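Peer 1: Fold the following and give me the result.
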Amino acid sequence: MIGDDDDDERDSLRGMDSQSPHPHVHRDPVTGVQVDQKRRKRVFSNRTKTGCITCRRRKKKCDEGKPECSNCKRGGFVCEGYSGKVSWQKPPNKAAPTPLVTAPPFIQAKEEPNINHSVGTIMATGSATPSSHSHVTLDNSATPTPAPQNILPYRTEVSTPTSTAPVDPSAPSGVGFSHVTNPAAGSASSNRRSEKEKMMSSQLYMACDPELTADREICKAACFRFNNIAANPMNAISPAEKGRMLHDILRPGQNWTAVPSPTVAGQPMFTYTSDNGYNSDLQDIQVDAPFHCSYGYNIRMGKSVLIEFGCTILDSCVVTIKARTILSPGCKIYSATHPIDPRKRNGSRGPECAKPVTIEEDCWLGGGVTVLGGITIGKGSVVGAGSVVTRDVPPFTVVAGNPARVIRGIYHNGVDH
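Peer 2: Below is the predicted model of the structure:
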């Protein structure tokens with residue numbers, strides 16, 4: 001019988017499976033294909049947990065070669081290394097925009113274009129023509145009821161004037177001395193920080209920003225005038241004019257006028273007043289040419305500060321030099337820095353970061369000293385010539401070397417030794 005033949009064939013297949021040298025391999029009784037039940041399934045989700053970041057994103061098996069895996073080299077991909085966890089971000093759900101004003105049901109049809117005519121009448125006369133909302137015809141054959149005349153416009157543009165006020169140059173927290181525009185409260189521009197604000201708050205900023213580039217060009221031109229005109233003895237520039245040119249570097253955006261001071265011992269020869277009536281915070285300072293800086297307006301100087309020739313200050317953040325401090329020739333203060341990661345640096349198109357530098361009173365920096373960003377040099381300290389200051393300097397100490405280390409203290413039991 002046909003049924004008996006099928007049963008015999010199934011029994012023979014079972015016998016073959018039991019006699020197979022691999023007991024975990026079975027033959028499908030319907031298709032006759034051998035199936036390995038212990039064969040491991042390929043799980044593609046594991047490929048996003050190990051290996052380099054590039055192979056994880058491509059969901060490819062990675063041989064974890066270092067510094068670059070072989071799979072990325074063969075495929076011509078840039079291996080992003082093994083620096084951390086891949087953050088898989090879900091695409092944001094786009095919500096439908098909500099209208100500013102919801103129109104009544106009888107306006108959301110063909111009568112909507114008529115609103116523009118009624119808006120012009122309302123805004124011109126200040127009053128609306130009364131109309132009845134009760135005569136709404138539901139018959140499709142009837143003439144549609146025109147839109148009432150007292151419907152508010154869908155969008156109302158409200159312009160709030162901004163206030164422009166000068167900044168006091170003597171204020172220590174100011175970022176510049178040009179006109180500063182305060183955005184209106186609640187405006188979109190107040191929620192976004194400019195690159196200049198990021199720079200002043202020690203955040204990553206783009207130095208190629210047009211505003212910062214313009215400030216650097218203004219400072220560069222002022223330094224050129226000071227170094228080539230004011231410092232040239234053949235031009236016979238008066239001390240008052242030299243001080244005014246120095247104010248163009250350190251306090252730009254104002255017109256400064258030199259006012260002679262009364263002849264008193266220990267008092268400066270001139271004081272400077274801006275066209276807005278502000279007195280300069282730079283008193284009795286001496287800066288020898290050539291002198292270079294990035295912006296100028298971020299440099300704060302106390303009374304009787306001496307900066308000798310060849311000094312450079314990158315004042316991307318606030319650089320404070322307090323009273324009676326001496327910077328010997330060739331000193332350099334670098335408040336700006338760049339990211340360590342080469343993928344973030346990106347050359348001239350990459351971000352920068354700036355950290356403040358503070359030099360307390362009565363300090364002396366020898367020739368060729370380099371001070372990095374985020375450093376504070378304590379009161380009365382001395383930094384040896386050619387040193388590179390990479391960490392804070394305690395007060396009343398002598399430091400030297402690269403990197404600078406404490407050599408000795410200045411006082412021992414209150415006596416200078």
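Peer 1: Low-confidence regions, the chain specifically.
Peer 2: Scanning the chain with the threshold set as pLDDT under 70 gives 1-26, 28, 30-49, 83-191, 263-266, 413-417.
Peer 1: Now do the helices in the protein.
Peer 2: Secondary structure of the chain (DSSP state H): helices located at 2-18, 53-58, 70-75, 115-125, 195-200, 210-225, 239-250, 342-345.
Peer 1: need the contact list for the closest residue to S387 other than its chain neighbours.
Peer 2: Nearest residue to S387, sequence neighbours excluded (Cβ to Cβ, 6 or more residues apart in numbering): A404, at 4.2 Å. For the C-beta atoms, the positions are set from N, CA and C on the backbone; glycine is no exception. For A404, the contact set (Cβ atoms under 8 Å, 6 or more residues apart in numbering) comprises 383-384, 387-391, 393.
Peer 1: what do you get if the cut-off is 10 Å, keeping everything else the same?
Peer 2: Each residue near A404 by Cβ atoms under 10 Å, 6 or more residues apart in numbering is listed here: 369-371, 375, 377, 383-384, 386-391, 393, 398.
Peer 1: what's the answer for S316, then?
Peer 2: Here S316 is in contact with 199-200, 202, 205, 207, 212, 216, 294-295, 298, 334-337, 352-356, 373 (Cβ under 10 Å, 6+ apart).
Peer 1: Can you report how many residues lie near the closest residue to P290 other than its chain neighbours?
Peer 2: Closest residue to P290 apart from its sequence neighbours, by Cβ to Cβ, 6+ apart: N227 at 4.4 Å. Residues lying near N227 (other Cβ atoms under 10 Å) number 17.
Peer 1: now the one 10 residues further on
Peer 2: I237 has 16 neighbouring residues, counting by other Cβ under 10 Å.
Peer 1: Excluding sequence neighbours, find me the nearest residue to it.
Peer 2: A230 (5.1 Å).
Peer 1: Show the buried residues in the contacts of A404.
Peer 2: Neighbour-count burial within the contacts of A404 applies to 369-371, 375, 377, 383-384, 387, 389, 393, 398; the criterion is 16 or more other Cβ atoms under 10 Å.
Peer 1: on that earlier part again, so the residue nearest to P290 makes contact with C311?
Peer 2: No - using Cβ atoms under 10 Å, N227 is not in contact with C311; the gap is 11.7 Å.
Peer 1: shared neighbours, the two?
Peer 2: 289-292.
Peer 1: From the residues you listed, pick the one nearest D315.
Peer 2: Taking Cβ to Cβ as the measure, D315 sits nearest to H292 out of the shared contacts of N227 and C311, at 10.5 Å.
Peer 1: For V389, see how far away the closest residue to that closest one other than its chain neighbours is.
Peer 2: Spatial nearest neighbour of H292, excluding adjacent residues (Cβ to Cβ, 6+ apart): T312 at 4.7 Å. From T312 over to V389 the distance is 15 Å, taken as Cβ to Cβ, to the nearest Å.
Peer 1: repeat for K355
Peer 2: Shown here: K355 relative to V389, a distance of 13 Å by Cβ to Cβ.
Peer 1: Check the contact lists of the two and give me the overlap.
Peer 2: 372, 375.
Peer 1: Go ahead and confirm D392 touches T358.
Peer 2: Yes - D392 is within contact range of T358, at 9.3 Å (criterion: Cβ under 10 Å).
Peer 1: Between those two, which is the more surrounded one?
Peer 2: T358 (17 against 11).
Peer 1: List the contacts of the more buried one.
Peer 2: T358 neighbours (Cβ under 10 Å, 6+ apart): 300, 318-322, 371, 374-378, 392.
Peer 1: So D284 sits against Y272, correct?
Peer 2: No - with contacts counted by Cβ under 10 Å, D284 stays clear of Y272, the gap being 11.3 Å.
Peer 1: ok, these two, which is more surrounded?
Peer 2: Y272 (23 against 18).
Peer 1: Not counting sequence-adjacent ones, nearest residue to the more buried one?
Peer 2: S280 (4.0 Å).
Peer 1: among the contacts of A404, which are in strands?
Peer 2: 370-371, 377, 383, 388-389, 398 (DSSP state E).
Peer 1: Of the contacts of A404, which is the nearest to T54?
Peer 2: For those, the nearest to T54 is T390 (35.4 Å; Cβ to Cβ).
Peer 1: Tell me who's in contact with the closest residue to the closest one other than its chain neighbours.
Peer 2: Counting by Cβ to Cβ, 6+ apart, P403 is the residue found nearest to T390 once chain neighbours are left out, at 4.2 Å. By Cβ under 10 Å, 6+ apart, the contact set of P403 is 372, 387-391.
Peer 1: TSV for those, including distance to R244?
Peer 2: Formatted as TSV, those follow (distance: Cβ to Cβ, whole Å):
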residue	distance to R244
L372	32
S387	34
V388	35
V389	33
T390	37
R391	38
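Peer 1: Looking at those, spot the one nearest V305.
Peer 2: V389 (17.9 Å).
Peer 1: List the beta-bridge partners for that closest one.
Peer 2: Judged by DSSP bridges, the bridge partners of V389 are V371.
Peer 1: so who does it touch?
Peer 2: So V389 contacts 333, 357, 359, 365, 369-372, 375-377, 381, 383, 399-404 (Cβ under 10 Å, 6+ apart).
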